[in-house]
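**Student:** following is a predicted model, sequence given first.
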Amino acid sequence: MALRCSSVTRQLVGWQTWSVKAQPARFSSLLIDSKKHEFLRTELGLEADNAGVYDGTWSGSGETVTSYSPVDGQPIARVTQASVADYHRTVTTARESWRTWRMTPAPERGEIVRQIGDALRQYKAPLGRLVSMEMGKILVEGAGEVQEYVDICDYAVGLSRMFAGKVLPSERPGHALLEQWNPLGAVGIITAFNFPVAVYGWNTALSMVCGNVNVWKGAPSTPLTSVAVTKIVASVLEKNGLPGSICSLTQGGLDVGQALCADPNINLVSFTGSCSAGQQAGVAVQSRFGKSLLELGGNNAIIVLDDADLDMAVRATLFAAVGTAGQRCTTTRRLILHSSVYDEVLARLCKAYAQVPIGSPLEEGTLLGPLHNQQAVDNYQKAIQDAKQQGGTVRYGGEVIPGPGYYVQPTIISGLSANSPVVQRETFAPILYILKCESLEEGIAMNNGVDQGLTSSVFTRDVSRVFQWIGPAGSDCGIVNVNIPTSGAEIGGAFGGEKHTGGGRESGSDAWRQYMRRSTITINHSKDLPLSQGIKFE
């Protein structure tokens, strides 16, 4: 029997009633000038007009952009971005500072990162609030993102005394065979709007203890967060008498990103963004034989089998599909339900969706804030239209919420095949496609049947199914979970995915190796010159 979820009144938290959607051009004043948001000045050191370039000093000769809040469409403050000339000057300064930084003992580099983590702890609340204002995620997620940077700093401090080479047995008498890891040089970090603090932290904390200098190009739509984070990091470097250019900022647009990818002075480009943009970045870096770390999109799935804990599965799906308004690369976009639990899980999900408080992310109690901008709203509407045209049925949501900002209903759609074009496409919005399977094997085929391979999860209590899922015939994603959501990864494991997700790994495990170069060393400490493989050349 077809199941249709009834609509219920949305719960709006901290909502102002406006008759028409606010447009940025309507506002003549900046939020930073209001008493309510004075923390931007007093605690984070921002101004109405901010320089977007830092290489030990603040400057910027590029375009001046205004940052608008997705909360209500109002302008927050302005940032003067980097020009391409600013970018090249910054890289030159950064590489000069590398001469000193690379020779600093790794534990001393770790001490600087420890101090950065402590500084971030002090600014966790105001910086997290800025993330909510500028990106749109709810307060607890904004603060949680800063905490991720703190956590990876703690991890990197320990790593600074632990990453090691090897002593290998040599086949030649009187010889030592060693492996040593050395700094790469300059690491270019291009981050996306959805995690404007944490992803930079994942990269820079590891990169710093590995002995590299860093050049950051933050997302064009979250420039104030980039400036605020850089001010915190710079204060630690300056306090310790170190060049600020160890962690440089070149806030800018496409031209700066293209210059960074093409620059042979950048030894590693860490790029976070869409699959299409990441492909262009990767090709540009590879064309000069550079190294790249690509962290791209995810069309992630949860499989709920017939023996699953359904309470747990519904709660996990709600968080993973609705959290951050569906704007995480790890967001659950496909829910694959065993036919025996299909109707029950769908009914429970609709009921749970109806209870999600929607509204300003700056208000306590909100669970679903706005999309980031109008383009995201347009993509949301286009996906729903396409789903209907391809035979899908909207079970819950599907509408844009009128008023200021970019708010939409979380949406559940059923009736589509796993191969439907709209299901195969990653849409950065809170849209969940419900699919049906008859077995774990069929669910795995659906899970693996998309271009991306970031994260995945199965809900089951059968240990044999668990090992099938995590084994060679199981999920082909970089992150393979059991009885937890697809989102919310811990920093201790390597984060990243396969296929069109890019293959890069950030954060924990041995991801640090991507920020270093490996040297294989043979030392002859004898008086003879034996050749390997027993070769005689006399």
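**Tutor:** Alright, I've got the coordinates. Numbering: from 1, shown residues only.

**Student:** let me know the pLDDT of residue 538.
**Tutor:** The per-residue pLDDT reported for residue 538 equals 85.

**Student:** mind checking how far it is from residue 531?
**Tutor:** According to Cβ to Cβ, to the nearest Å, residue 538 and residue 531 sit 10 Å apart. (Glycine included, C-beta is placed from N, CA and C.)

**Student:** more crowded one of these two?
**Tutor:** Taking other Cβ atoms under 10 Å, residue 538 and residue 531 do not tie; residue 531 has more neighbours (10 against 3).

**Student:** you'd agree the more buried one is up against residue 537?
**Tutor:** Yes. Counting by Cβ atoms under 8 Å, residue 531 does reach residue 537; the two are 6.3 Å apart.

**Student:** can you list residues touching both of residue 538 and residue 531?
**Tutor:** Residues touching both residue 538 and residue 531 by Cβ atoms under 8 Å, 6 or more residues apart in numbering: none at all.

**Student:** residue ranges with poor pLDDT in the protein?
**Tutor:** 1-28 (pLDDT under 70).

**Student:** mind checking the longest helix of it?
**Tutor:** For the chain, the longest helix by residue count, based on DSSP state H, is helix 139-159.

**Student:** what about it, distance to the chain center?
**Tutor:** Its chain's C-alpha centre and that of helix 139-159 lie 13 Å apart, by Cα atoms, centre = their mean, to the nearest Å.

**Student:** tell me which residues of that helix are tucked away?
**Tutor:** Using 16 or more other Cβ atoms under 10 Å as the test for burial, helix 139-159 gives 139, 141-153, 155-157, 159.

**Student:** put the alpha carbons of it into PDB.
**Tutor:** Output of helix 139-159 as PDB, limited to C-alpha atoms (Å, rounded to 0.1, in the frame of the first residue of the first chain):
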ATOM      1  CA  LEU A 139      25.100  27.000  16.700                       C
ATOM      2  CA  VAL A 140      26.100  23.600  18.100                       C
ATOM      3  CA  GLU A 141      27.500  22.700  14.700                       C
ATOM      4  CA  GLY A 142      29.300  26.000  14.400                       C
ATOM      5  CA  ALA A 143      31.000  25.400  17.700                       C
ATOM      6  CA  GLY A 144      31.500  21.800  16.900                       C
ATOM      7  CA  GLU A 145      33.500  22.800  13.800                       C
ATOM      8  CA  VAL A 146      35.900  24.900  15.900                       C
ATOM      9  CA  GLN A 147      36.200  21.900  18.200                       C
ATOM     10  CA  GLU A 148      37.300  19.800  15.300                       C
ATOM     11  CA  TYR A 149      40.200  22.200  14.700                       C
ATOM     12  CA  VAL A 150      41.000  22.000  18.400                       C
ATOM     13  CA  ASP A 151      40.900  18.200  18.300                       C
ATOM     14  CA  ILE A 152      43.200  17.900  15.300                       C
ATOM     15  CA  CYS A 153      45.600  20.200  17.000                       C
ATOM     16  CA  ASP A 154      45.800  17.900  19.900                       C
ATOM     17  CA  TYR A 155      46.300  14.900  17.600                       C
ATOM     18  CA  ALA A 156      49.000  16.700  15.700                       C
ATOM     19  CA  VAL A 157      50.900  17.600  18.800                       C
ATOM     20  CA  GLY A 158      51.200  13.900  19.600                       C
ATOM     21  CA  LEU A 159      52.000  13.100  16.000                       C
END
